[in-house]
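**Q** sequence first, predicted coordinates after that:
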Amino acid sequence: MSNLLTRKQARRVDLGLTAREFSTLARLATPPGIQAFLNAIPINHELAGETVHSVRGVLRHRKAHCIEGALLAACALWIHGDPPLVMHLDCDPCDYPHIVTLFRRGRAWGAISKSNGAYLRYRDQILPQALEVERMAEDSYRLGQTGIAALLQALQQSRQVRLQSLQTASDLQNALSDLERAIGAPIP
């Protein structure tokens, strides 16, 4: 076991991966490549109950949440000679903690993460859908197909989604501000 802890690069047998799984991780040769892979797979919303999928599980199911993504990233980095460094970020009790994989290039540190992407979901999916529903409700009302109550209900729901979207954007900005304070420098 001590040999494994001091090994510079992880081998397939060290990680318990199949040849295909190892090959997938071996192709993720850079932190941006690993991050792109994690960004491309869907969020694991744990609809069937809480999970902590192994690296093999993430590769099989092609979805991950933060710890699952962090473990995959750590393994991919380790295959290429970077130490597998995973950091738990604690937070306010009203929020969820986060887990990232750290790497170093020269004197600079970086992190890879699979976030829950709430802000991006609102921006790219939920908010445009809510606005479309609002437009459809207005058109239906204008054409006499629905009454004022249906229009007002649709407008109220759309405004609620907009409010949640703004709250999510605010939470993101607060998190970035907290991170900049923690590292003592602006995030580029």
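**A** It's in. Just so you know, these numbers come straight off a predicted model, no measurement behind them.
**Q** any idea which strand is longest in this structure?
**A** Longest strand of the chain, by residue count under DSSP state E: strand 98-105.
**Q** and that strand, what does it pack onto?
**A** helix 31-40, helix 66-79, strand 85-89, strand 108-112 (3 or more C-beta pairs under 8 Å, 6 or more residues apart in numbering; DSSP states H and E). Yep, even glycine has a C-beta here, placed from its N, CA and C like the rest.
**Q** looking at those, which is closest to residue 21?
**A** With C-beta to C-beta as the measure, helix 66-79 is the member of those nearest residue 21 (9.5 Å).
**Q** tell me, what residue is most central in this structure?
**A** residue 115 (2.2 Å; C-alpha atoms, centre = their mean).
**Q** what is the neighbour count of the residue nearest to that one when sequence neighbours are not counted?
**A** Computed as C-beta to C-beta, 6 or more residues apart in numbering, the closest residue to residue 115 that is not its neighbour in sequence is residue 66, at 6.5 Å. Using other C-beta atoms under 10 Å, the number of residues around residue 66 comes to 22.
**Q** kindly report the same for residue 45.
**A** 10.
**Q** check it and give its pLDDT.
**A** On pLDDT, residue 45 comes in at 75.
**Q** okay, now the domains of this protein?
**A** 2-112, 118-183 (automatic domain parsing).
**Q** next up, the contacts around the residue nearest to residue 46 when sequence neighbours are not counted.
**A** Nearest residue to residue 46, sequence neighbours excluded (C-beta to C-beta, 6+ apart): residue 65, at 6.9 Å. Listed by C-beta atoms under 8 Å, 6 or more residues apart in numbering, the contact set of residue 65 reads 43-46, 51, 114, 116.
**Q** what do you get for residue 9?
**A** Going by C-beta under 8 Å, 6+ apart, residue 9 touches 78-81.
**Q** relative to its centroid, which residue of the chain is most remote?
**A** residue 144 (43.4 Å).
**Q** stretch 50-70: how far from the chain's middle?
**A** Put simply, stretch 50-70 sits 11 Å off its chain's centre (C-alpha atoms, centre = their mean, to the nearest Å).
**Q** hang on, the earlier thing: quick check, the residue nearest to residue 115 in contact with residue 89.
**A** No. Applying C-beta atoms under 8 Å, one finds residue 66 not in contact with residue 89, separated by 9.2 Å.
**Q** what do the two both touch?
**A** 98-100.
**Q** make a markdown table from these and add pLDDT to it.
**A** Output for the shared contacts of residue 66 and residue 89, formatted as a markdown table (pLDDT from 0 to 100):
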| residue | pLDDT |
| --- | --- |
| 98 | 81 |
| 99 | 88 |
| 100 | 90 |
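**Q** which one of those is nearest to residue 36?
**A** Using C-beta to C-beta, the shared contacts of residue 66 and residue 89 come closest to residue 36 at residue 100, 15.9 Å.
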